[in-house]
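> below are the sequence and a predicted model; questions follow.
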Amino acid sequence: MIEQLVEQIEARFAELGRLMTDPTVINDRKRYAEVGREYAHLEPGAKLSEEWRRTRDDVAGAQEMLEEGEDAEVREMLGSARARQEELEEDLRLAMVERDPNDDKNVILEVQGGAGGDEAALWAGDVARMLQKYAEKRGFSTEVMDAGEGKHTFAVKGDGAYSVFKYEGGTHRVQRVPATESQGRIHTSTCTVAVLPEVEDVEVDVQQSDLQIDVYRSGGPGGQSVNTTDSAVRITHKPTGIVVAMQDEKSQLQNREKAMRILRARIYEAALAEQQAAVSSERRAQVGTGDRAEKIRTYNYGERRVTDHRIKFTAHNLDDVLAGDLAEFTGALQNDEKRRRLEEQAASA
């Protein structure tokens with residue numbers, strides 16, 4: 001079984017290597033990008049395959065030596081080689097688990113205050129900054145699309161952005177003493193994060209006749225006008241009832257373009273959720289109600305710890321996490337997802 005998997009990986013990796021140097025592929029920008037992405041995704045599996053073959057040879061060599069006579073050192077080497085071979089076989093299975101088809105996409109993140117009033121709105125800002133800093137650390141670019149009281153919408157762009165940020169969807173709970181708390185009491189507040197894969201026009205069929213587009217003047221704090229022209233845009237997708245409003249830009253055209261990007265992402269994600277009945281509505285499953293009892297992760301300021309409740313993983317570097325150091329959590333969540341997908345594939349085989 002593993003031998004066949006290794007052969008498949010080696011054959012496909014060699015083929016992709018040839019395609020990367022094929023002038024026909026190189027001249028086709030889209031095709032070259034697709035081949036490059038697949039090559040990069042398969043490279044870790046190819047390296048594991050190479051090491052697996054070497055380890056298998058080590059096992060065979062040690063067995064031959066033991067047939068000629070018992071040797072404690074060779075016996076120990078055989079045991080180590082066999083143990084490593086088993087680890088590599090597990091790593092290979094995980095490396096070749098079917099990927100989420102959205103993993104290569106850019107993402108739109110919506111962070112919104114949940115339970116906790118003003119403190120929840122402040123916490124939403126902290127989480128939005130944490131995620132933006134994490135994007136920068138990963139080499140992604142960010143684009144702020146909308147920012148208001150307790151709500152922050154921004155795009156993260158870069159190859160594989162969704163594969164990193166999809167684990168941030170859900171309720172983020174904080175336990176801390178608010179700056180406005182005079183008696184030093186710890187408050188528990190939440191914010192919700194929705195992670196939407198950003199899609200191209202061709203992936204979502206949005207008919208102009210299905211849209212109701214309203215324009216109005218942008219409003220600032222206290223309802224005062226901050227714009228003398230009707231630059232704000234509200235788009236309603238009548239078949240789904242999804243509404244997106246945008247007023248951050250001075251130009252109506254820019255607000256409309258941003259609103260349509262968010263709308264397409266929400267429609268696409270809602271369609272995915274409908275297809276995947278097991279997860280019901282993906283966005284509602286991610287966001288929940290924002291209640292304190294619903295949480296994917298807790299940030300405890302007093303103990304300086306962060307706990308991800310989905311995988312029972314705790315780190316004691318709160319300041320680093322808030323500064324965007326989320327790689328350890330992402331890695332653990334990716335491994336958990338791969339194992340679950342592997343179990344699902346085995347069960348359906």
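That came in fine, so what should we check first?

> sheet partners, orientation included, of the longest strand belonging to the chain?
Secondary structure of the chain read by DSSP state E shows that its longest strand is strand 187-197. Strand pairing for strand 187-197, determined by DSSP bridges: strand 107-113 (antiparallel), strand 170-176 (antiparallel).

> same question for the helix or strand that it is followed by, mean pLDDT?
As assigned by DSSP states H and E, the chain's next helix or strand after strand 187-197 is strand 211-216. The average pLDDT within strand 211-216 is 89.

> can you tell me what sits against strand 211-216?
Under the criterion CB atoms under 8 Å, 6 or more residues apart in numbering, residues 230-238, 252, 256 lie in contact with strand 211-216. Using the backbone N, CA and C atoms, a C-beta is placed for each residue, glycine as well.

> could you find the lowest-pLDDT member of those residues?
residue 230 (75).

> my guess is it is in a strand, correct?
No. Counting by DSSP: H, G, I helix; E, B strand; the rest coil, residue 230 falls outside a strand, being coil.

> by residue count, tell me the biggest helix in this structure.
In the chain, taking DSSP state H as the definition, the longest helix is helix 29-68.

> by contact count, what packs against that one?
helix 2-20, helix 23-26, helix 72-95 (3 or more CB pairs under 8 Å, 6 or more residues apart in numbering; DSSP states H and E).

> could I get the ones you listed as TSV with mean pLDDT, mean neighbour count and distance to residue 320?
TSV is the format used below for the helices and strands packed on helix 29-68 (pLDDT from 0 to 100; neighbours: other CB atoms under 10 Å; distance: least, CB to CB, whole Å):
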stretch	mean pLDDT	mean neighbour count	distance to residue 320
helix 2-20	92	15	36
helix 23-26	92	12	42
helix 72-95	89	15	27
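
> how about JSON lines for the ones you listed, with distance to residue 183 added?
Shown next, in JSON lines, are these (distance: least, CB to CB, whole Å):
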{"stretch": "helix 2-20", "distance to residue 183": "61"}
{"stretch": "helix 23-26", "distance to residue 183": "67"}
{"stretch": "helix 72-95", "distance to residue 183": "50"}
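
> so which of those gets nearest residue 50?
Relative to residue 50, the nearest member of the helices and strands packed on helix 29-68 by CB to CB is helix 2-20, separated by 8.3 Å.

> what packs against the closest one?
Helices and strands touching helix 2-20, as assessed by 3+ CB pairs under 8 Å, 6+ apart, comprise helix 29-68, helix 72-95.

> by mean pLDDT, which helix or strand of this structure comes out lowest?
When the helices and strands of the chain are scored by mean pLDDT, DSSP states H and E, helix 282-287 comes last with a mean of 51.

> domain map for the chain?
For the chain, automatic domain parsing gives the domain ranges 2-95, 107-339.

> quick one, which of those is packed in tightest?
Ranked by average neighbour count under the criterion mean count of other CB atoms under 10 Å, the domains of the chain are headed by domain 107-339 at a mean of 17.

> pull stretch 235-254 out as PDB, backbone CA atoms only.
Extracted C-alpha coordinates of stretch 235-254, given in PDB (Å, rounded to 0.1, in the frame of the first residue of the first chain):
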ATOM      1  CA  ILE A 235     -26.400  45.800  -2.200                       C
ATOM      2  CA  THR A 236     -29.100  43.300  -1.400                       C
ATOM      3  CA  HIS A 237     -29.000  39.900  -3.100                       C
ATOM      4  CA  LYS A 238     -32.700  39.200  -3.400                       C
ATOM      5  CA  PRO A 239     -32.600  35.300  -3.800                       C
ATOM      6  CA  THR A 240     -30.600  34.800  -0.600                       C
ATOM      7  CA  GLY A 241     -31.400  38.000   1.400                       C
ATOM      8  CA  ILE A 242     -27.700  38.700   1.900                       C
ATOM      9  CA  VAL A 243     -27.000  42.400   2.400                       C
ATOM     10  CA  VAL A 244     -23.700  44.200   2.200                       C
ATOM     11  CA  ALA A 245     -23.200  47.900   2.900                       C
ATOM     12  CA  MET A 246     -20.000  49.800   2.200                       C
ATOM     13  CA  GLN A 247     -19.200  53.500   2.900                       C
ATOM     14  CA  ASP A 248     -15.500  53.700   3.700                       C
ATOM     15  CA  GLU A 249     -14.400  54.900   0.300                       C
ATOM     16  CA  LYS A 250     -15.200  58.400  -1.100                       C
ATOM     17  CA  SER A 251     -16.100  57.000  -4.500                       C
ATOM     18  CA  GLN A 252     -19.400  55.200  -5.100                       C
ATOM     19  CA  LEU A 253     -17.700  53.000  -7.600                       C
ATOM     20  CA  GLN A 254     -15.000  51.900  -5.100                       C
END
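
> name the surrounding residues that touch it.
Stretch 235-254 is contacted by residues 144-147, 206, 210-215, 218-219, 227, 229-234, 255-256, 258-260, 262-263, 266-267, 270 when judged by CB under 8 Å, 6+ apart.

> how far off centre is the longest strand of the chain?
Taking the mean of its C-alpha atoms, strand 187-197 sits 14 Å from the chain's own mean (CA atoms, centre = their mean, to the nearest Å).

> average model confidence for that strand?
Averaged across strand 187-197, pLDDT comes to 93.

> residue 174 and residue 135, how far apart?
Distance of residue 174 to residue 135, computed by CB to CB, to the nearest Å: 20 Å.

> what do you get for residue 141?
Look at residue 141 and residue 135: by CB to CB, they are 8 Å apart.

> thanks a lot, see you next time.
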